[in-house]
Structure formats: structure tokens, C-alpha cells
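1. Need a 3D model of the sequence below.
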Amino acid sequence: MLFPEYRPRRLRQNEAFRRMIRETTLSVDDLILPLFAIGGKGVKNPIESMTGHYQLSIDNLVKTAGEAFNLGIPAVMLFGIPDKKDPLATSAYAKNGIVQKATTALKKKIPDLVVITDVCLCQYTNHGHCGIVEGQIINNDATLDLLARTALSHAKAGADMVAPSDMMDGRVAEIRNILDENDFSNVPIMSYAAKYCSAYYGPFRHAADSAPKFGDRRTYQMDPANSLEAIREVTMDIEEGADIIMVKPALPYLDIICRIREEIDLPLAAYNVSGEYAMVKAAEKMGWIDGKKVMMETLTSIKRAGAGMILTYFAVDAAKELSSR
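-> Now for the predicted structure:
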């Protein structure tokens, strides 16, 4: 079809036409809100690099989650900031750990909200790595039992879904086994299956106090240059029992999201991470961009690439914008 017989602008000339032929539709149902739980009462510590987000004591976290739920956001992802850290991350799988207490409180107050818990050790270790450290090496296999115990403790606290983000080999199978053995076979696993070693995580590491004290995470998180490896990682996690797979970060890896969507038929999530959020907010503050429009374009691009679920710090603002349309 060539001009002048074909004129694509015919179907762009008014909003009704544009709505009728729109190929990708963003919905509040697609959104998952990350939240940071911390001890104490009445605590609402601003996260300087993530405008509008806070470290929240459980009372304030329940309030914030309730407001999100009332906007139609179906799920939250919980991260915890513990009171104490040690080499074995004991606070991660403690019965009275911060995520465990927050989960129980959320399910009591907002039973229909889907509570997803991040399963990792980095916030709970005094060295900031996602696994057990021996010298300067992260011991993969020694870490698996602790990750499984953490996931089980979350399920016992009432978590609807657990989400391992550590990138240790074999952790999905270990978690699936311990959940099944303890009568939690109904708890799904959302696996951070293709999690890249990214510089976009900076604001999150400040918010969660999870930056590594030495080295970096490139021995377990993926090389940003690799694409085929992402397919292998995803396939392994599916074979081990993952119910949902995730790509993280989202924007620099839209090609990975698209490729996985074409090759894999499991539900696919993408994490619009803290650095992506912070850059938009900073540029908006400087008056360089229309923050609201960039937010919606960003989230639509992630959905267009193939993600059915989007974890995003924009969730509340996006829900409000979608409800006003």
C-alpha cells in the first residue's frame, strides 16, 4: 500500500479513531506497587532519590497499600529493612522478621490485596550480597537453603506469592520443593528469571540499604550484553517450577521482554526499576519533560514489548491517570 491510495493519517485525525485502532492498552490491572517496610511506628522516611516513596513502618505501609488498592492496583511487592544484619541473613527468615510481620498485617487489613514478597538476602546480610560469602566468593549452593527458608517463612506469614530475586542457580526448585513439602503448593513463584547486573538499581539500594560492601554482583546477575543467556535462564526457572517470570530492569531490556514473550508462554512481568523512575522524576523537576506523559509512554512501551505485569514506582500515579481518562 502506497501513498496516495493509502493514507495512514486518516485513522489518526481524532481521538475516537486513535482509540479504536490502538494496539496496546495499559490497565491498572497491569500494575504492581513496590513497598519498603521498616520497623517502628509512625515511620515515613523519605527516599531522597525516589520522590514520593518512603521507608514505611507497618502502620503506614498498610495505609499506603490500602490507598493503592482503592485505586484498583491489585498487588504489592514487599521489601524489608531489618533492624539487624549478620553474615547468615537470619532476619530474612525469622518468624518475626519485618517482611513477615508486614505480610500478616496486610493480609489481615486488606485480604483481597495480592501480597508478593521479595525473596533475597542482600538486605539482611552485613556484607550486602545476595548469598553466603566465603572469602570473596558467593557460595551458590550454601545459599539455597536459606532462600528456601525465607520463602517458606513468607508463605507461613500469609504471602500470596513469593519472588526470588537473588539469581542463585537452582533456587526456584529449592523453593518449590520446600513450599510443596509444607502444604504451600498453592503459593506461586514469580521468578526474577532474567535479572541483569545493572547500574539502574542505585536508588533502590539506597532505599533498601542493600548495596554490597565489596565488589559487585556480576558473578550472579546477568551480563547486560547477553540475550541468548536470558532465554536459558528463563527456561531453567520454568523447568524448576516458576509460575511467572520477570525481566529486570525493563527499559534497557525491552528487546529481552519481546524475545521472551515470543518464545515463552508463561505469564511475563517486567520491573520498571528505581533508576528508570528517578531519572523521569529528576527531569520532570527540572522542567525538561512532561513527567506524566513520559510516565505513561514508558509504561505503555513495557506493555507493548510483551509484559503482562509491570512492577513500577509509578503505580499510584499511573492508576490515578488511568482513572481520569
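
2. ok, Val316 - contacts?
-> Each residue near Val316 by C-beta atoms under 8 Å, 6 or more residues apart in numbering is listed here: Leu33, Gly52, Glu67, Ala68, Leu71, Ile73. To be clear about C-beta, it is placed using only N, CA and C from the backbone, and glycine gets the same treatment.

3. What helix or strand is it located in?
-> helix 315-323 (DSSP states H and E).

4. Could you list the buried residues of that helix?
-> Ala315, Val316, Asp317, Ala318, Ala319, Glu321, Leu322 (16 or more other C-beta atoms under 10 Å).

5. Just the closest of these to Leu179, please.
-> Closest approach between the buried residues of helix 315-323 and Leu179, by C-beta to C-beta: Ala315, at 26.8 Å.

6. That closest one and Ile244, how far apart?
-> Distance of Ala315 to Ile244, given as C-beta to C-beta, to the nearest Å: 17 Å.

7. what do you get for Lys85?
-> In terms of C-beta to C-beta, Lys85 sits 29 Å off from Ile244.

8. Give me the contacts around the helix ranked longest in the chain.
-> Counting by DSSP state H, the longest helix found in the chain is helix 140-157. Here helix 140-157 makes contact (C-beta under 8 Å, 6+ apart) with 88-89, 92-95, 97, 99-101, 103-104, 117, 119-121, 130-132, 134, 162, 164, 166, 168-171, 174-175, 177-179, 182, 184, 187, 189, 220.

9. which helices and strands does whatever helix or strand comes next after that helix pack with?
-> Going down the chain from helix 140-157, the next helix or strand is strand 161-164, by DSSP H and E. Packing partners of strand 161-164 (3 or more C-beta pairs under 8 Å, 6 or more residues apart in numbering; DSSP states H and E): strand 114-119, helix 140-157, helix 171-181, strand 190-195.

10. one more time with 6 Å
-> Secondary-structure packing of strand 161-164 (3 or more C-beta pairs under 6 Å, 6 or more residues apart in numbering; DSSP states H and E): strand 114-119, strand 190-195.

11. Single out the most deeply packed of those strands.
-> Comparing these by mean neighbour count (mean count of other C-beta atoms under 10 Å), strand 190-195 ranks first with a mean of 28.

12. got the angle for it vs helix 171-181?
-> 170 degrees (axes from the mean of the first three to the mean of the last three C-alpha atoms, to 10 degrees).

13. Could you tell me the angle between strand 190-195 and strand 114-119?
-> 50 degrees.

14. separation between Lys41 and Glu262?
-> 48 Å.

15. helices or strands up against the helix or strand bottoming out on mean pLDDT in the chain?
-> None of the helices or strands of the chain scores lower by mean pLDDT, DSSP states H and E than helix 202-208, at a mean of 86. Judged by 3+ C-beta pairs under 6 Å, 6+ apart, helix 202-208 is in contact with helix 274-285.

16. In CSV, please show the C-alpha coordinates belonging to the helix it packs on.
-> Output of helix 274-285 as CSV, limited to C-alpha atoms (Å, rounded to 0.1, in the frame of the first residue of the first chain):
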residue,chain,number,x,y,z
SER,A,274,14.2,2.7,40.6
GLY,A,275,16.8,4.3,38.3
GLU,A,276,14.3,4.5,35.5
TYR,A,277,11.8,6.1,37.9
ALA,A,278,14.3,8.5,39.4
MET,A,279,15.5,9.8,36.0
VAL,A,280,12.0,10.7,35.0
LYS,A,281,11.3,12.4,38.3
ALA,A,282,14.6,14.4,38.1
ALA,A,283,14.0,15.6,34.6
GLU,A,284,10.4,16.5,35.5
LYS,A,285,11.6,18.5,38.5
